[in-house]
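Asks: what shape does this take:
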Amino acid sequence: MGCEYELLEDISDWNGTNEEFLLSFDQRNSEELNGTSLLVDKRSGTPFTGEVSRKEDNRETQQTFKSGLLNGKSVKKSSDGSWVEANYQNGRLHGNMIFFNSNGKVRSIMTYEEGKRVISRD
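Replies: As a prediction, the model looks like this:
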């Protein structure tokens, strides 16, 4: 009705190209967090919380962040159709990292606890 305004909201999902990602976010290494990377929204200057999906050529990355740190499932798909799924907790690998071939068969699994690889001794 002649009155325009911009609706401000807490964005929890971001989708775009890798180039747009680099324009929208800074990744900062924090000594306080033992060198863990912190994702910061360039516009607000605050750590990002939510899901990021980015595409470049035939590759795709989906990651979840909480207060700027990777937290939860991360999936990276390669141009050849293979992909890797990893789990993060407070910016560190935690849980299984599973490598799949282009047919969806598991190639290998590595397990991490708080960023350190766990070697099982069966």
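Asks: quick one: the helices in this protein?
Replies: Assignment of helices within the chain using DSSP state H yields the ranges 18-24.
Asks: any figure for the gap between the residue most central in space within it and residue 71?
Replies: Closest residue to the average C-alpha location of the chain: residue 63 at 2.8 Å, with C-alpha atoms, centre = their mean. Between residue 63 and residue 71 the computed distance is 9 Å (C-beta to C-beta, to the nearest Å). C-beta coordinates here come from the backbone N, C-alpha and C atoms, glycine included.
Asks: strands along this protein, start to end?
Replies: 13-17, 25-30, 36-41, 50-56, 59-66, 69-77, 83-89, 92-93, 95-100, 106-113, 116-118 (DSSP state E).
Asks: quick one, the second one and strand 50-56 angle?
Replies: What that stands for is strand 25-30. Here the directions of strand 25-30 and strand 50-56 differ by 110 degrees (axes from the mean of the first three to the mean of the last three C-alpha atoms, to 10 degrees).
Asks: please apply the same query to the third one.
Replies: Relative orientation of strand 36-41 with respect to strand 50-56: 90 degrees, computed using the same axes, to 10 degrees.
Asks: pull out the buried residues from strand 36-41.
Replies: Buried positions in strand 36-41, judged by neighbour count with 16 or more other C-beta atoms under 10 Å: 36, 38-41.
Asks: which helices and strands does that strand pack with?
Replies: With contacts taken as 3 or more C-beta pairs under 8 Å, 6 or more residues apart in numbering; DSSP states H and E, strand 36-41 sits against strand 25-30, strand 69-77.
Asks: what about that strand, average pLDDT?
Replies: The pLDDT scores in strand 36-41 average 91.
Asks: run through who's touching the lowest-mean-pLDDT helix or strand in the chain.
Replies: The weakest-scoring helix or strand in the chain, judged by mean pLDDT, DSSP states H and E, is strand 25-30 (a mean of 87). Applying C-beta atoms under 8 Å, 6 or more residues apart in numbering, the contact partners of strand 25-30 are 35-42, 48, 52.
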